[in-house]
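Colleague: Dropping the sequence and predicted coords here.
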Amino acid sequence: MRSLIQFTFIGVFAVLGIAPATTPLLRQQGRDGNPFTIAVDANLVIFNITVTDGKGRRVGGLQASDFQVREEDQLQEIKLFNPEDGPATVGLIIDNSGSMLEKRAEVTKATLAFATASNSEDEMFVVTFNEKTSLGLPPSVPFTKDLDQIQSALVRSPPNGLTALYDALALGIEHLKGGTRNHKALVVLSDGGDNASSLSLNSVLQRARQSSATIYTIGIYDDTSVDRNPRILRKIAESSGGRAYFPESLQSMEQAWRYIARDIRSEYTIGYHSSNRNRDGKFRSVKITPNRNAGRDLKIETRDGYFIPDDDSIAK
């Protein structure tokens, strides 16, 4: 669930999840010469955060001390903080079914514009799908910064067949776990229809809410298309606190991709170890509030909590 809350102090856009690996935190150099931390702690709950003022402008320059995190009304200690425009792991999930045949050139062009507008240190991967899902990069290249490799992944096979959107999203969520960046995002381009997945929508939404990724969706389709389903694309995005975009034409699709690149680059990343050590599979509500008054009206757009994996699912 996404909500808009107006505060007269610092706000945040939060997306939370559990970091995937089990080794200690590592530090690397950030864009300002300061270290940023790579989260590889299985118990770390991660939030991707964008701060905006009353005019919708992104607010930069904030520190971990500006924020307070409460889970189920219990104050949590922030263990990880990365500034805005830090490097991200980003998955591009691209519909390659028969309905995309005449849109292929524009989709490829717009996707490459997104990659160009993103942080140069982002690591990306591509999932293409029709009735089957596949990773577009070679097996020896799980992630890349190379535009030529991204382009090759996008055009590797011609559009044809049915649409397994939910299976493709699940593959993208799973592949993200191998990324080295704290900040994780998926961008899904489709008409929203699904007529070939083995997974259900509810199943993949549950996976999305257990992930730390922000999911953005782009809906492109003809008004007469029987497969169009904007409601599903909105639901997928909102499950993670992301946004759904619906460009009016193929020509305006590139702008939607650029907006998403801006959104991803404007996010901070916050992580904490939950003081509740139970692995019960239940939903936990989370609130993030400021520690000090910023002296201006700022907005928060946030998901209201996350699902913790249970012991059975971790063991599988």
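Modeller: In hand now; what should we look at?
Colleague: in the sheet, who's paired with residue 290?
Modeller: residue 67 (DSSP bridges).
Colleague: thinking it is in contact with residue 69, fair?
Modeller: No. Between residue 290 and residue 69 there is no contact under CB atoms under 8 Å: 11.0 Å. C-beta: built from backbone N, CA, C; applies to glycine.
Colleague: from memory residue 183 sits against residue 271, does it?
Modeller: No. Using CB under 8 Å as the test, residue 183 is too far from residue 271 to be in contact (10.4 Å).
Colleague: Poorly predicted segments of this protein, please.
Modeller: Low-confidence segments of the chain (pLDDT under 70): 1-42, 223-224, 292-296, 298, 300-302, 311-316.
Colleague: Could you chop it up by domain?
Modeller: Domain assignment for the chain by automatic domain parsing gives 2-83+267-315, 88-265.
Colleague: the more surrounded of residue 290 and residue 69?
Modeller: The neighbour comparison of residue 290 against residue 69 (other CB atoms under 10 Å) goes to residue 69, with 23 against 20.
Colleague: At which residues are the helices of the stretch 151-300 of the chain located?
Modeller: Using DSSP state H, counting those that start in this stretch, the helices of the stretch 151-300 of the chain run over 165-176, 201-210, 230-238, 253-265.
Colleague: Kindly reformat the ones you listed as JSON lines containing distance to residue 91 and mean neighbour count.
Modeller: Conversion of those to JSON lines gives the following (distance: least, CB to CB, whole Å; neighbours: other CB atoms under 10 Å):
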{"stretch": "helix 165-176", "distance to residue 91": "4", "mean neighbour count": "24"}
{"stretch": "helix 201-210", "distance to residue 91": "12", "mean neighbour count": "18"}
{"stretch": "helix 230-238", "distance to residue 91": "13", "mean neighbour count": "19"}
{"stretch": "helix 253-265", "distance to residue 91": "12", "mean neighbour count": "20"}
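Colleague: Ok, which of these comes nearest residue 119?
Modeller: Of all the helices of the stretch 151-300 of the chain, helix 253-265 sits nearest to residue 119, with 5.8 Å by CB to CB.
Colleague: which residues sit against that closest one?
Modeller: 50, 84-85, 88, 90, 106-107, 109-111, 113-114, 117-119, 183, 185, 187, 214, 216, 218, 220, 243, 245-247 (CB atoms under 8 Å, 6 or more residues apart in numbering).
Colleague: Just the C-alpha atoms of that helix, please, in CSV.
Modeller: Output in CSV follows, covering the C-alpha atoms of helix 253-265 (Å, rounded to 0.1, in the frame of the first residue of the first chain):
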residue,chain,number,x,y,z
MET,A,253,7.8,6.3,-23.6
GLU,A,254,11.4,7.5,-23.4
GLN,A,255,10.4,10.3,-21.0
ALA,A,256,8.8,7.7,-18.7
TRP,A,257,12.1,5.8,-18.6
ARG,A,258,14.0,9.0,-17.8
TYR,A,259,11.6,9.8,-15.0
ILE,A,260,12.3,6.4,-13.5
ALA,A,261,16.1,6.9,-13.8
ARG,A,262,15.6,10.2,-11.9
ASP,A,263,13.5,8.5,-9.2
ILE,A,264,16.1,5.8,-8.7
ARG,A,265,19.0,8.3,-8.5
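Colleague: in the stretch 1-150 of the chain, which spans are helices?
Modeller: Going by DSSP H, counting those that start in this stretch, the stretch 1-150 of the chain shows helices at 104-117, 147-154.
Colleague: tell me which residues of the longest one are tucked away?
Modeller: By 16 or more other CB atoms under 10 Å, the buried positions in helix 104-117 come out as 106-107, 110-115, 117.
Colleague: Repeat that for the shortest one.
Modeller: Neighbour-count burial for helix 147-154 flags 149-151, 153-154 (criterion: 16+ other CB under 10 Å).
Colleague: Reformat those residues into TSV and put distance to residue 238 next to each item.
Modeller: Listed next are the buried residues of helix 147-154 as TSV, based on distance: CB to CB, whole Å:
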residue	distance to residue 238
149	31
150	27
151	30
153	28
154	26
